[in-house]
Structure formats: C-alpha cells, structure tokens
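# structure for the following, please:
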Amino acid sequence: MNARKKEITITTILLAPFLFIVSFIKHFFIGVKFVFFDAFKNIFTYMASNREFNRIKRGKNITKEKSKKSEAPLLSLNERQKIAQERQALIKEMQKEINIRKVSKEYYNYYGTDSQGKKIKGMMSATNKITLHNFLASEGIDVYQIKRAFWPNFCEKIGINTDKPLSIKDLIFWLTQVSTYLKAGITLNDTIKIMAKQAEKDQAKHKLYRSISYELTLGETFSTALQNQGKVFPPLLINMLKTAEATGDLIKTLDDMSNYYTEIDKTRKEMLSAIIYPAILLVFALAILTFIMVYVIPEFIKVYNQAGIVVSGFTLSIVNLSNYITSHINSIILISLAIIIIMLLLYRNVTSFRKLVQYIGMKIPFFGKIIIYHEITLFTKTFASLLKNSVYIIDSMEILTNITNNEIYKNLILDTISNIARGEKISLSFANKWYIPDVAYYMLVTGETTGELPLMLEKVANYYNDMHKSRVTNLKSFLEPIMIVVLALIVGIIILAVVIPMFSLYSQIR
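Predicted coordinates:
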C-alpha cells in the first residue's frame, strides 16, 4: 500500500511541471486573446459606432444656420483698391481663354471675398479660369484672383497623385447620405453641396465634394463626375450609376450599392479576422519559445556547469541550440525582418510570386477553403449585381478583374472574356477547375440554361458567404486549443530534455 502511494506521489511530482506548463500556456493565450483581440475589437466597434452616430447627427443638423457668425474685418482703402486691380486683371485673363477649348483640368489657387466681405482663399482643379470663376460665384464667392498652382500640377505631370480611393466604410456612409438626401427631394447638386459644407473640417473630403459639384455644374452626369475624380470611386459603382442614369432608377441603385458594399465589408472583416487571429497566436508562441531558449535554458546550463554534470543526447542538442540563439539573437531578428520585408515586396510587385503564394495558401487544408469561399462570394455577388443592373457582360468581366487581387481568379475571368468573344458560354471557363466548387459550377450552368443567371449567382453568393462565416468561426474555435496543445508539447519536450540531467544530480546528492 505504501509502495502504491509512493508511486502515485512520484507520478504526481513528475506530471506537475507539465500540468503547470499546459495551464500557464492556456491562461496565457486566453489573456492574449482578450487583451489583443476581444478588447481591441470591442473598442474599435464602439469607436466606429460613435463616429457613425456623430456623422448622422451632423447630417441632420446640416441645414440649420449657425446662430453666431464671426464678424468680418473691414478692408482698408488700399486693400479694396488692390482687389479691384486684381479683379480687372482676372477679367482680362478670362477673356483670353474664351476661345480656348481645353479638356484636361489643372489646379488653381483662388482668392476672393465672401458675402461678409471676409478674405478667403483655396485650391481647386478646373478646366479653365472661366468655369472656376463661375462655379465659385455660384457659391457666393467674389473672386478677384486665380493663379495656376505650380506644385500640384507638377506632381500630376510626373505621375504623383495624392487622391486615394475612399475606404469602404466612408463609401457606404457616402452612398447612404446621397440616397437619403435624394429621397427627401433635394437635387443632386444641392446634395453634394450640403455634404461639402458638412465636411468642412475634413479637407480631403471637402475638396472631393466640391470637385464633384464643379463637374455637375458644368453639366456632366453623376457617373462622369465621379469618374473624373480618378481612383477615388470604384469602377463597379461608376458603371452601376451609368446604367441607373439610363433607366432613371438612381436612388434604388444607390441603396443596392450601399447594401452590396456593406456585405463585402463584412466578408472582408471576417477574412481579416481569420488571418490576424492565428498570426497573433503564432507571434506570441514564437515569443514564448524564444524566451525559454534565451533566458530559461541558460540558467539550467549554469546549474549543470556548477554541479559538473555532463549533458548528452537530446539535451545536448537543446543546449547547443539555446547557445546559438542566445549568441546570434540580433542577427536572427534582422535576418527574419529582412526576409519578411523581401517577401512582402515580392508579393506586392511580382505577379508570379504572388500567384505562387496564393496557390499554396489555397491548397492548405481547411484554411484554403476559407480563401476559396471568400473569392467565390466576392465574384458571384459582384457579377449578380452587374447583371441585375443590365451592365454588359464584357464590361462586367473587366470590372471583376479589378475587384480581386487573387491572380488565379483574375486569369479565370480573362479566360471567360476570351470565351465570350468567341461566342461560347460563361460556364465553360469554370468547368473542371479545382478552385471552383462543384455546387457553384452547376448552379452557374443552371442559371445560363434557364436564363436566370443573376438569381442563381445571388444564391451561390449567399450559400458560400454562409460557408465562409462557418469556416471562420470554426477556425477560431479550433485554432486556440490546437495551438495550446502544440505549444505545450514543444515547451514540455524542451523542459523535459533540460530537466532530465537533474535526476542524475539528485542521485549524486543521495
């Protein structure tokens, strides 16, 4: 009986370090998940909701006049005489431009006074001084001087464009605002002017909205006004608006595009969540292993050296690895950072490398399905929206090549365009492709056969969107315990290899 109790006691003592390691790693991961994932997610969600509430609140109060206006300083006689001379010079310059037909736009600095007599200045892009002067006059600005802006025009000529695409969140909010104002009976141009006034504190958006308003004042269509803003608005939205202008269903198209980008944003966030969460776990797992190899094992080595214990076998390999990492830690970190930076640059700039990485990612068990379902959802949802709004097939395919960064699916779309040009079916390009699920292919064939392709594409998008959400949820559910077990085994084996020589020290003491 005493031998049995002694055996149980020894077993408990031997298992105690491993149980402690497993418990420590488990609670460590739970803490990391809460601090770096759940807490930040809740904070960002609250901040986004608060910003959205403030934006809507500002939008409701936009039509109210300010109760107090700052008094404009009176201009001196010399200033008024100078402004009159500059205004006469501006009139002469504009008279010279009357017979000049120019299509391209340039940046101009303008100077004028508002209705209160206060001096104001700004910068806008325009085709010429006359149209810019008339536009500013319609806004109540008495312009007395317009000059070409050197640096913005120079940067434009050498290919440096500061205009950035609107984020999906800003685009959704913008579409909702425009649709709401139009439903309230406000004209399109007045809607954009209200939004420009609302965004006075945001220089980039204020400049963008005024540029759109300028285009509308010149008689351009809404889609053309957006297209002339460069890469700010996505091609998909512009093509949808062109069709809406032809059919007279602008408000419905704005609502549909707002819903579309909302769903796309949700799918994108789920995809990022599926990638970021395991990346965070992997980084902290490497940090734990590095800490053990650099700080914990050297302490054991000191004890062994003082006790005169000679290690061998697997323990010696762990000790040598620890010594190498400790003595070359700076070089290892620099080389690792260099490799990561080089791979990121190659992925961004080299098509063949990007395609290889995407191919490997799509072949990874379980995780590869998440990528495939994401791409299928994005493709079918966008294609269905284009077909529902009567956008031509060729134009649809060209737009689809720009909504994804996956080179494999880009090549698929290019093959589809070639097949359409030869008079063949769309589904022919999707047959026998390992990255096209059978369900998606057969529903595409059914849609072509029955003439209900947009409806079938919507059903495919909804089906694989649900599959994508399910995969992401399962990944986050299974990944944490798997990482804990794997890390516990690795740490346990390392600690065991280092602790084994201590038994020989214990026997020497006895």
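# show me how the record splits this protein into domains.
78-157, 168-261, 269-510 (automatic domain parsing).
# most tightly packed of those?
domain 168-261 (a mean of 18; mean count of other Cβ atoms under 10 Å). Just so you know, the C-beta spots here come from the backbone N, C-alpha and C atoms, and that holds for glycine as well.
# give me the distance from that one to the chain's centre.
Domain 168-261 has its C-alpha centroid displaced from the chain centroid by 21 Å (Cα atoms, centre = their mean, to the nearest Å).
# quick one: end-to-end distance for it.
7 Å (Cα to Cα, to the nearest Å).
# same question, stretch 360-370
13 Å.
# what about it, average pLDDT?
Taken as a whole, stretch 360-370 has a mean pLDDT of 85.
# now do stretch 271-289
On average, stretch 271-289 scores 77.
# go on, stretch 304-312?
The model assigns stretch 304-312 a mean pLDDT of 71.
# Lys121: what secondary structure?
The three-state label given to Lys121 by DSSP: H, G, I helix; E, B strand; the rest coil is strand.
# from Tyr464, how far out is it?
Look at Lys121 and Tyr464: by Cβ to Cβ, to the nearest Å, they are 53 Å apart.
# now do Met240
Distance from Met240 to Tyr464, by Cβ to Cβ: 22 Å.
# returning to that earlier point: which one of the domains of the chain has the poorest average confidence?
domain 78-157 (a mean of 71).
# list the contacts of Ile301.
The neighbours of Ile301, taking Cβ atoms under 8 Å, 6 or more residues apart in numbering as the test, are 319, 322-323.
# export only the CA atoms of the helix or strand where it lies, formatted as PDB.
If you go by DSSP states H and E, Ile301 is part of helix 297-307. C-alpha atoms of helix 297-307 as PDB (Å, rounded to 0.1, in the frame of the first residue of the first chain):
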ATOM      1  CA  ILE A 297      17.700  27.200 -20.500                       C
ATOM      2  CA  PRO A 298      20.900  29.200 -19.900                       C
ATOM      3  CA  GLU A 299      20.000  29.200 -16.200                       C
ATOM      4  CA  PHE A 300      19.800  25.400 -16.200                       C
ATOM      5  CA  ILE A 301      23.200  25.300 -18.100                       C
ATOM      6  CA  LYS A 302      24.800  27.400 -15.300                       C
ATOM      7  CA  VAL A 303      23.500  24.900 -12.700                       C
ATOM      8  CA  TYR A 304      24.800  21.900 -14.700                       C
ATOM      9  CA  ASN A 305      28.200  23.600 -15.100                       C
ATOM     10  CA  GLN A 306      28.500  24.300 -11.400                       C
ATOM     11  CA  ALA A 307      27.500  20.800 -10.500                       C
END
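# name the helices or strands packed onto the next helix or strand after it?
Downstream of helix 297-307, the first helix or strand assigned by DSSP H and E is helix 313-327. With contacts defined as 3 or more Cβ pairs under 8 Å, 6 or more residues apart in numbering; DSSP states H and E, the packing partners of helix 313-327 are helix 297-307, helix 453-509.
# which residues in the stretch 151-300 of the chain form helices?
Along the stretch 151-300 of the chain, the segments classed as helices by DSSP state H, counting those that start in this stretch run 168-183, 188-198, 203-217, 222-227, 235-247, 250-291, 297-307.
# relative to helix 453-509, how tilted is the last one?
Between the axis of helix 297-307 and that of helix 453-509 there is an angle of 10 degrees, by axes from the mean of the first three to the mean of the last three Cα atoms, to 10 degrees.
# the inter-axis angle of helix 297-307 versus helix 313-327?
Here the directions of helix 297-307 and helix 313-327 differ by 120 degrees (the same axes, to 10 degrees).
# so what's the gap between helix 297-307 and the chain middle?
Relative to the chain's own centre, helix 297-307 is displaced by 50 Å; criterion: Cα atoms, centre = their mean.
# next one: the longest one
Centre-to-centre, helix 250-291 and its host chain are 8 Å apart (Cα atoms, centre = their mean).
# all further residue positions should be reported with the first residue as 52.
Okay, residue one is now 52; in that scheme the one you just asked about reads as helix 301-342.
# next, the angle helix 286-298 makes with that helix.
Calculated by the same axes, to 10 degrees, helix 301-342 forms an angle of 170 degrees with helix 286-298.
# what's helix 301-342 packed up against?
Using 3+ Cβ pairs under 8 Å, 6+ apart: helix 301-342 touches helix 53-84, helix 219-234, helix 286-298, helix 418-439, helix 504-560.
# swap in the first one?
If you count contacts as 3+ Cβ pairs under 8 Å, 6+ apart, helix 219-234 packs onto helix 90-111, helix 239-249, helix 301-342.
# just to revisit the earlier point, kindly reformat the helices and strands packed on helix 301-342 as JSON lines containing distance to Ile181.
Output for the helices and strands packed on helix 301-342, formatted as JSON lines (distance: least, Cβ to Cβ, whole Å):
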{"stretch": "helix 53-84", "distance to Ile181": "62"}
{"stretch": "helix 219-234", "distance to Ile181": "29"}
{"stretch": "helix 286-298", "distance to Ile181": "27"}
{"stretch": "helix 418-439", "distance to Ile181": "39"}
{"stretch": "helix 504-560", "distance to Ile181": "46"}
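# from Asn371, how far off is the nearest residue to Leu372 once chain neighbours are set aside?
Of all residues not flanking Leu372 in the chain, Met344 sits nearest, at 6.8 Å (Cβ to Cβ, 6 or more residues apart in numbering). To Asn371, Met344 is 11 Å away according to Cβ to Cβ.
# wait, what's in contact with the closest residue in space to Tyr410 that isn't next to it in sequence?
Leaving aside its sequence neighbours, Tyr410 sits nearest to Ile459 (Cβ to Cβ, 6+ apart; 6.6 Å). When contacts are counted by Cβ under 8 Å, 6+ apart, Ile459 touches 406, 409-410, 413, 486.
# wait, which of the residues you listed is closest to Ser387?
Nearest to Ser387 out of the contacts of Ile459 is Gln409 (Cβ to Cβ; 22.7 Å).
# look up how far Phe430 lies from that closest one.
When Gln409 is compared with Phe430 (using Cβ to Cβ), they lie 15 Å apart.
# kindly report the same for Leu333.
Applying Cβ to Cβ, the value for Leu333 to Phe430 is 29 Å.
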